[in-house]
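1. For reference, the sequence and a predicted model appear below.
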There are 2 protein chains.
Amino acid sequence: MSFNYAILGLLNTKSMTGYDLKKLIQKSSFLYWSGNNNQIYKGLLHLQNKDLVTNEIEHQDGAPSKKIYTITPLGKKELRKWILESPKEPPEFKKDFLIQLACSSDLETDEITTILNQYKESIEMKIIMEQELLRRQEPIPMRNKNVEFIWKMIKKNLISTYENELVWLETVRNGIKN
Amino acid sequence: MSFNYAILGLLNTKSMTGYDLKKLIQKSSFLYWSGNNNQIYKGLLHLQNKDLVTNEIEHQDGAPSKKIYTITPLGKKELRKWILESPKEPPEFKKDFLIQLACSSDLETDEITTILNQYKESIEMKIIMEQELLRRQEPIPMRNKNVEFIWKMIKKNLISTYENELVWLETVRNGIKN
DNA sequence: TCATCCATGTAAAAAGTTACATGATTTT
DNA sequence: AAAATCATGTAACTTTTTACATGGATGA
């Protein structure tokens, strides 16, 4: 369950509520989950039971009470252990279009061209949405140059992967025509 | 549920048993599911209830009976409809390493270098495994040049995505050193 | 002899998503 | 007047994985 480590990692940068976590997860797409309540509030409960986080209740008038979660020293230790000692999994890809393309042997050439173009459009749309998400993020002050650089590269990663898919697509489109 | 369409697509190339489907799915990694019994046998039942496939029982002595599944004309129609009319989803990525890297701000530079190297190794290993899987596949005779070309490109797709990840990684590694 | 292959299926659990529920405040 | 924001949580469902169960044949 890397989801719980993800929220532990977010709490390591800043104490916050489940609702704050939800918004962060929904905004950044490298955190690939939907950011639904169920996972977040269950995850926080689990982290609390393991003494990796604590919470402090802040009452507000005219607004629901907040539970502000904070990572514990044990939590920091566990997070560090996860980063350094857990296996670095290779990325996983779900490309349903490849399955559709693999089934396309009965189609006419122009039908294949059509679905290739549809895939191209859907990726281009996705890239635009990603870039829009990045533009809306407020810049966070970073401790040092390395941290800033890494953050920039993480933001670039997904877009780079989508753009690589476009390059591959272009090769397919050109190969079909000839 | 693209899984059911995937098995429908496999049955479109050739009639076969659930066990055959299982092996095919486990071998080709662009079919990203585990290829477990539960999904396959339930999927086949579902396709059968919708009259998209039929089966013929073949008794064998000294071996368990086979149920050989065949796609129906209705199944072919439904598959074609899925390929042409369903939305072409952009690819989805799960990169837990990006989360680990995003949590790395408390680490020393040499610790970051270490986890970057671990990620590099895990991707390189994955590429080797992918290429080995491709080498073991017996070449299938193709109807025409286009189909053959598309098949070749599908095989190249995942490896291309892994290699793009290596390129990105190299940029990160170089940026950290300076 | 012990493991793997063939071939079917079921059970149980984990992981993840959508929708429901509440209720005040602010924005459209 | 309707919808969105804030803030918590639960319920129901789908999807996916792991493990269980059977049993003869074959291979190391």
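-> The structure has been received and is ready for your questions. Residues are numbered from 1 along each chain as shown, chains lettered A, B, ... in the order given.

2. Let me see the ranges of the helices in chain A.
-> Counting by DSSP state H, residue ranges of the helices within chain A are A:2-13, A:18-27, A:37-49, A:73-85, A:96-102, A:109-136, A:145-177.

3. Enumerate the residues of chain A near DNA strand D.
-> Applying C-beta under 7 Å from any atom of the strand, one finds that chain A approaches DNA strand D through A:17-20, A:22-23, A:36-38, A:41-42, A:44, A:60, A:63-68. Using the backbone N, CA and C atoms, a C-beta is placed for each residue, glycine as well.

4. Buried ones among these?
-> Taking 16 or more other C-beta atoms under 10 Å in any protein chain shown as the criterion, what is buried in the residues of chain A next to DNA strand D is A:17, A:18, A:20, A:22, A:44, A:66.

5. Please identify the most buried of the helices of chain A.
-> helix A:96-102 (a mean of 23; mean count of other C-beta atoms under 10 Å in any protein chain shown).

6. tell me which of the buried ones among the residues of chain A next to DNA strand D is nearest to DNA strand C?
-> residue A:22 (10.2 Å; C-beta to the nearest atom of the strand).

7. Quick check: pLDDT value at that closest one.
-> For residue A:22, the pLDDT comes out at 97.

8. how far away is the closest residue to it other than its chain neighbours from residue A:71?
-> Sequence neighbours aside, residue A:35 is the residue nearest to residue A:22 in space, at 5.0 Å (criterion: C-beta to C-beta, 6 or more residues apart in numbering or on different chains). Separation of residue A:35 from residue A:71 (C-beta to C-beta, to the nearest Å): 19 Å.

9. Tell me which of the two has more neighbours.
-> residue A:71 (23 against 18; other C-beta atoms under 10 Å in any protein chain shown).

10. what pLDDT does the more buried one get?
-> Per-residue pLDDT puts residue A:71 at 98.

11. Just list the residues touching it, thanks.
-> If a contact means C-beta atoms under 8 Å, 6 or more residues apart in numbering or on different chains, then residue A:71 has A:8, A:11, A:12, A:15, A:52, A:53, A:79 as its contacts.

12. hmm, 7 Å instead?
-> A:8, A:11, A:12, A:52, A:53 (C-beta atoms under 7 Å, 6 or more residues apart in numbering or on different chains).

13. and which of these is nearest residue B:123?
-> Set against residue B:123, the nearest of the contacts of residue A:71 by C-beta to C-beta is residue A:8 (24.9 Å).

14. Show me chain A divided up by domain.
-> A:2-85, A:96-177 (automatic domain parsing).

15. out of those, nearest to residue B:117?
-> domain A:2-85 (12.3 Å).

16. so, in contact with DNA strand C or not, stretch A:54-72?
-> Yes - Stretch A:54-72 comes into contact with DNA strand C (C-beta under 7 Å from any atom of the strand), by way of A:62, A:63, A:64.
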